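**Student:** no sequence for this one, just the structure:
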Ligand SMILES: Cc1ncc(C[n+]2csc(CCOP(=O)(O)OP(=O)(O)O)c2C)c(N)n1
């Protein structure tokens, strides 16, 4: 069966070991997790996690049911891949920026509505937020200058108009 | 008043109705053992190896329906439980395993006898807890027992550091669990139940019920019987479902799967409606997934939504507790007759009966004969605990089980060595029942040290070793699929009669058919444990057999009666 990228959003109790239990279920099925983003949710003591995984729809559905049914602290998992959603990711990019290249870099940063968050003699650090393809495009343009460090948060996502846990 | 962590644990266990623990002491659990004399209502049975403690708790749980409890020290004690925990996990057995952990300040420092047992058991428990304060023990115990016994049951582990046993805290047993993420669906969806009823009433000529252990767990024995009788539907079971429907009933057609009856497997292959109840479509039961029940629509009822559609396509899924689904379903099901279909199954049964004339008339002592005589002499009033391998299949095939939980065996994990310690737990849980442990000579040698426990704690298990001088089931596969290349399957054994004698257990050796009945009668008439070594034919095979990876319709019969291959075109 065709393997496609799925975005799963989970609401879980904020307790030690929860992430471990969830990831372990993916590992058993030999799923490659492309990204995980964990943070607090609108409720205290509950976290919201966004997983991006590759797998066939039936495999992903199996794991979704297992996450909900077998990990006690998991309240809800929704596959929002086919829904109307906003997707965001944040990246920090450190590039080599000799004075000769600076103005060109700043121009690119401006076009992408990114931000320069740190400047030194040698380096510029750029912050960008957006869907992955926007980040990818910026990275493509910056590559020739020499990307020295890159950190990405992984995808977070939210359904538009409806509440994800209501579905 | 403040209590120590150890006292809080004991008090909490009593609140959960625990009367017995199977365990083994060690450094970090000493404060707990030190406390036991204050709680005489908690019987502690000292096993000889922690694996035995887990299997005993498992056997106790299956036989009584209550949560079984086992206990071990940190490190090697905890790791010795692992096989038993995995065994309980795969067979959905309610169990609470308690382990000691090194003191809090030592955790994560590779301290003496430290292992990360919550990490190790993460994929083989329903849930586990590392309790870091005495004040949290009661809540953890409350939740552990609730999780173990509710929904789809399973093992839960509680790991408690040594100094937490000593720490003092107020004891208040919580009234409620706090598990916002845990809400098993117990009531079946009414629309789905209605759909299923319509299918059963109007859309089938050849319906078939496949019952699994979920029926026993849910206590739906009577409801299943009512459904089958009302709609006149034949019933077959999985290995673990044996006894969920009385095998002496006219609608019972035995077990399906690799060593199921030929007629059960043919029935699955020909049915136009399969109602799978409390079973998880295990590959040993279904064989080739995509050729399972090829002509049937499938109604699958299970409490675990993750089991639905996992291995086999499903037309009508119903998630819920079996009993709570069957009660409304029965109300909607019309009284019916499936005379032709039943006649077909009866004809198949006549064509391929479980007991061949060869078995009946054998001059050499056959294991099937032994099992059957245990059935006759006990009149079926016994709980049989089998090992794994050929002995397990013969125990399943040649004894007719009419009660749920009267046949207890390691299904999912197939753990050799389960039989003796599990039967110990069964007998402790059901002291008034006759308990027969049917073992292979290989499996018995894996956990025979528990003979000492039987003696010390006066546990009257009757043991039948079917000694074929080899690892029979593996030898059978070598015979059939590896050109009789018998590598490492012949095995020597001690003189089992002398061995039993050394432990102080009366024993007999039986090597002819004539000696079988008197020996079994002797065992039954003797108080306490008794061991019989049956020296049986060394190269007997288990039939019928569905070759691994084949569809159920490809079931092979005993070769003496010509190999019969069934296919759609060639209905026997
Ligand atoms: C712990 C464990 N190790 C290995 C196996 C693989 N295995 C399955 S059946 C079997 C042979 C069992 O021999 P025995 O206990 O003598 O029983 P028999 O088949 O002869 O009745 C083996 C080795 C297993 N199921 N469990």
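**Tutor:** Yes, it's here. Just so we're clear, the structure is a prediction, and the values are computed from it rather than from any experiment. Numbering: from 1, shown residues only, chains lettered A, B, ... in the order given.

**Student:** Domain-wise, how is chain A divided?
**Tutor:** A:4-79, A:86-156 (automatic domain parsing).

**Student:** give the contact list for the residue in chain A positioned nearest to the ligand.
**Tutor:** The minimum distance from chain A to the ligand, using Cβ to the nearest ligand atom, falls at residue A:28 (21.2 Å). Where C-beta positions appear, they are placed from N, C-alpha and C, glycine not excepted. Shown in contact with residue A:28 (Cβ atoms under 8 Å, 6 or more residues apart in numbering or on different chains): residue B:123.

**Student:** Could I get the full set of strands for chain A?
**Tutor:** A:4-13, A:33-40, A:46-55, A:74-79, A:85-96, A:115-119, A:123-130, A:147-152, A:156-159 (DSSP state E).

**Student:** what's the answer for the stretch 251-400 of chain B, then?
**Tutor:** B:252-255, B:273-277, B:297-302, B:316-319, B:383-386 (DSSP state E, counting those that start in this stretch).

**Student:** on that earlier part again, okay if I get the strands of chain A as JSON lines plus distance to chain B?
**Tutor:** Formatted as JSON lines, the strands of chain A follow (distance: least, Cβ to the nearest Cβ, whole Å):
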{"stretch": "strand A:4-13", "distance to chain B": "6"}
{"stretch": "strand A:33-40", "distance to chain B": "15"}
{"stretch": "strand A:46-55", "distance to chain B": "8"}
{"stretch": "strand A:74-79", "distance to chain B": "4"}
{"stretch": "strand A:85-96", "distance to chain B": "23"}
{"stretch": "strand A:115-119", "distance to chain B": "35"}
{"stretch": "strand A:123-130", "distance to chain B": "31"}
{"stretch": "strand A:147-152", "distance to chain B": "27"}
{"stretch": "strand A:156-159", "distance to chain B": "20"}
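
**Student:** out of those strands, which comes closest to residue B:335?
**Tutor:** strand A:74-79 (42.4 Å; Cβ to Cβ).

**Student:** Which neighbours in the sheet does the closest one have, and how are they oriented?
**Tutor:** strand A:4-13 (antiparallel) (DSSP bridges).

**Student:** I'd like to check the angle between the strand it pairs with and strand A:46-55, please.
**Tutor:** For strand A:4-13 against strand A:46-55, the angle between stretch directions is 160 degrees (axes from the mean of the first three to the mean of the last three Cα atoms, to 10 degrees).

**Student:** before we move on, the earlier item: export the strands of chain A to TSV and tack on distance to the ligand?
**Tutor:** Shown next, in TSV, are the strands of chain A (distance: least, Cβ to the nearest ligand atom, whole Å):
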stretch	distance to the ligand
strand A:4-13	36
strand A:33-40	33
strand A:46-55	31
strand A:74-79	33
strand A:85-96	48
strand A:115-119	59
strand A:123-130	54
strand A:147-152	46
strand A:156-159	45
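
**Student:** Can you convert those strands into CSV and add a column each for mean pLDDT and distance to residue B:272?
**Tutor:** Below are these laid out as CSV (pLDDT from 0 to 100; distance: least, Cβ to Cβ, whole Å):
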stretch, mean pLDDT, distance to residue B:272
strand A:4-13, 95, 35
strand A:33-40, 94, 42
strand A:46-55, 95, 34
strand A:74-79, 96, 34
strand A:85-96, 96, 43
strand A:115-119, 97, 66
strand A:123-130, 97, 55
strand A:147-152, 97, 54
strand A:156-159, 95, 42
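
**Student:** which residue sits closest to the most centrally placed residue in chain B, ignoring its sequence neighbours?
**Tutor:** With distances taken as Cα atoms, centre = their mean, residue B:409 lies nearest the centre of chain B, 3.9 Å away. Leaving aside its chain neighbours, residue B:409 sits nearest to residue B:386 (4.5 Å; criterion: Cβ to Cβ, 6 or more residues apart in numbering or on different chains).

**Student:** Contact partners for that neighbour?
**Tutor:** By Cβ under 8 Å, 6+ apart, the contact list for residue B:386 reads B:392, B:395, B:396, B:407, B:408, B:409, B:419, B:437, B:438, B:439.

**Student:** among those, who's most crowded?
**Tutor:** Highest neighbour count within these: residue B:419, with 36 neighbours (other Cβ atoms under 10 Å in any protein chain shown).

**Student:** returning to what we had before: nearest to residue B:271, out of the domains of chain A?
**Tutor:** Taking the domains of chain A one by one with Cβ to Cβ, domain A:4-79 is closest: 24.6 Å.

**Student:** re the thing from before, distance of the residue of chain A closest to the ligand relative to residue B:289?
**Tutor:** 18 Å (Cβ to Cβ, to the nearest Å).

**Student:** how many other residues sit next to the closest residue in space to residue B:313 that isn't next to it in sequence?
**Tutor:** Of all residues not flanking residue B:313 in the chain, residue B:298 sits nearest, at 6.8 Å (Cβ to Cβ, 6+ apart). Residue B:298 has 21 neighbouring residues, counting by other Cβ under 10 Å.

**Student:** coming back round to it: could I get the contacts of residue B:386 in JSON lines, plus columns for pLDDT and distance to residue B:497?
**Tutor:** Below are the contacts of residue B:386 laid out as JSON lines (pLDDT from 0 to 100; distance: Cβ to Cβ, whole Å):
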{"residue": "B:392", "pLDDT": "98", "distance to residue B:497": "23"}
{"residue": "B:395", "pLDDT": "98", "distance to residue B:497": "22"}
{"residue": "B:396", "pLDDT": "98", "distance to residue B:497": "27"}
{"residue": "B:407", "pLDDT": "98", "distance to residue B:497": "27"}
{"residue": "B:408", "pLDDT": "98", "distance to residue B:497": "26"}
{"residue": "B:409", "pLDDT": "98", "distance to residue B:497": "25"}
{"residue": "B:419", "pLDDT": "98", "distance to residue B:497": "19"}
{"residue": "B:437", "pLDDT": "98", "distance to residue B:497": "16"}
{"residue": "B:438", "pLDDT": "98", "distance to residue B:497": "17"}
{"residue": "B:439", "pLDDT": "98", "distance to residue B:497": "15"}
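
**Student:** Give me the phi and psi angles of residue B:129.
**Tutor:** phi -130, psi 140 (degrees, to the nearest 10).

**Student:** Now do the helices in the stretch 351-500 of chain B.
**Tutor:** Per DSSP state H, counting those that start in this stretch, the stretch 351-500 of chain B carries helices over the ranges B:357-360, B:367-378, B:390-397, B:419-429, B:441-447, B:451-456, B:472-481, B:496-503.

**Student:** Which strands or helices does the shortest one pack on?
**Tutor:** Going back to what we said before, that points to helix B:357-360. Judged by 3 or more Cβ pairs under 8 Å, 6 or more residues apart in numbering or on different chains; DSSP states H and E, helix B:357-360 is in contact with no other helix or strand.

**Student:** Flag every buried residue along it.
**Tutor:** residue B:359 (16 or more other Cβ atoms under 10 Å in any protein chain shown).

**Student:** Break chain B into its domains for me.
**Tutor:** Taken from automatic domain parsing, chain B resolves into B:2-170, B:190-350, B:354-570.

**Student:** mind checking how far residue B:128 is from residue B:22?
**Tutor:** 19 Å.

**Student:** who's more crowded, these two?
**Tutor:** Taking other Cβ under 10 Å, residue B:128 and residue B:22 do not tie; residue B:22 has more neighbours (31 against 26).

**Student:** Now do the same contact list for that one.
**Tutor:** B:45, B:47, B:52-54, B:56-57, B:60, B:68-71, B:424-425.

**Student:** Next, give me the two most distant ones among these.
**Tutor:** Most distant of the contacts of residue B:22, by Cβ to Cβ, are B:71 and B:424, 15.0 Å apart.

**Student:** Now do the buried residues in stretch A:96-109.
**Tutor:** For stretch A:96-109, using 16+ other Cβ under 10 Å, the buried residues are A:97, A:105, A:109.
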